[in-house]
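In: What follows is a predicted protein model with its sequence.
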Amino acid sequence: MSNCRFEYKHQEEYFNYETYVRFLEECILDKFYSKGHRVFLIQDNASYHKKPETYEWFSKNRKYVEVACLPRYTPELNAIERIWHYTRMEATHNRFHENIESLCQSLFRTFDNIQKKPDSIKGLIKPFC
């Protein structure tokens, strides 16, 4: 897992197809695409994944990104569900956060730790590799 990278983006505005496409451009293409190779993206069935505008973006960028959708109602196939569970246990479970800033800092610390030590989630994502 030495080439494993964990990317996240702090999103304050409502998450929709526009912010999803921006995430794809800023975090997926900018950080994972390399010339001559494609990014293989597996996504769940969130409503913003299925918008015509999102499909249009994928059509325009199919040279760079190939997308596959998980079957509906299959969280056990979605690696991010394990990461969210890990995050809850590390950052929010049985913890009192007096304000939103405290909660965000706890989440950022957890995500930063994952970025610095990707082996901390190796066992969680190994079944998907």
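Out: Cool, got the structure. Numbers count the residues shown, from 1 in each chain.
In: buried set for the strand or helix carrying residue 110?
Out: In this structure, residue 110 sits in helix 100-116 according to DSSP states H and E. By neighbour count, and taking 16 or more other CB atoms under 10 Å as the criterion, the buried residues in helix 100-116 are 106-107, 110-111, 114. For every residue, glycine as well, the C-beta is placed using N, CA and C.
In: Out of those, which comes closest to residue 61?
Out: For residue 61, the nearest member of the buried residues of helix 100-116 is residue 111. The distance, counting by CB to CB, is 25.6 Å.
In: before we move on, the earlier item: put the alpha carbons of the helix holding residue 110 into CSV.
Out: Below are the C-alpha coordinates for helix 100-116, written out as CSV (Å, rounded to 0.1, in the frame of the first residue of the first chain):
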residue,chain,number,x,y,z
ILE,A,100,-19.1,22.5,14.8
GLU,A,101,-15.5,23.7,14.8
SER,A,102,-14.5,21.1,17.3
LEU,A,103,-16.3,18.4,15.3
CYS,A,104,-14.6,19.5,12.1
GLN,A,105,-11.2,19.6,13.8
SER,A,106,-11.6,16.1,15.0
LEU,A,107,-12.6,14.9,11.5
PHE,A,108,-9.7,16.8,9.9
ARG,A,109,-7.3,15.2,12.4
THR,A,110,-8.6,11.8,11.6
PHE,A,111,-8.3,12.4,7.8
ASP,A,112,-4.9,13.9,8.1
ASN,A,113,-3.7,10.8,10.1
ILE,A,114,-5.1,8.6,7.3
GLN,A,115,-3.2,10.6,4.7
LYS,A,116,0.0,10.4,6.7
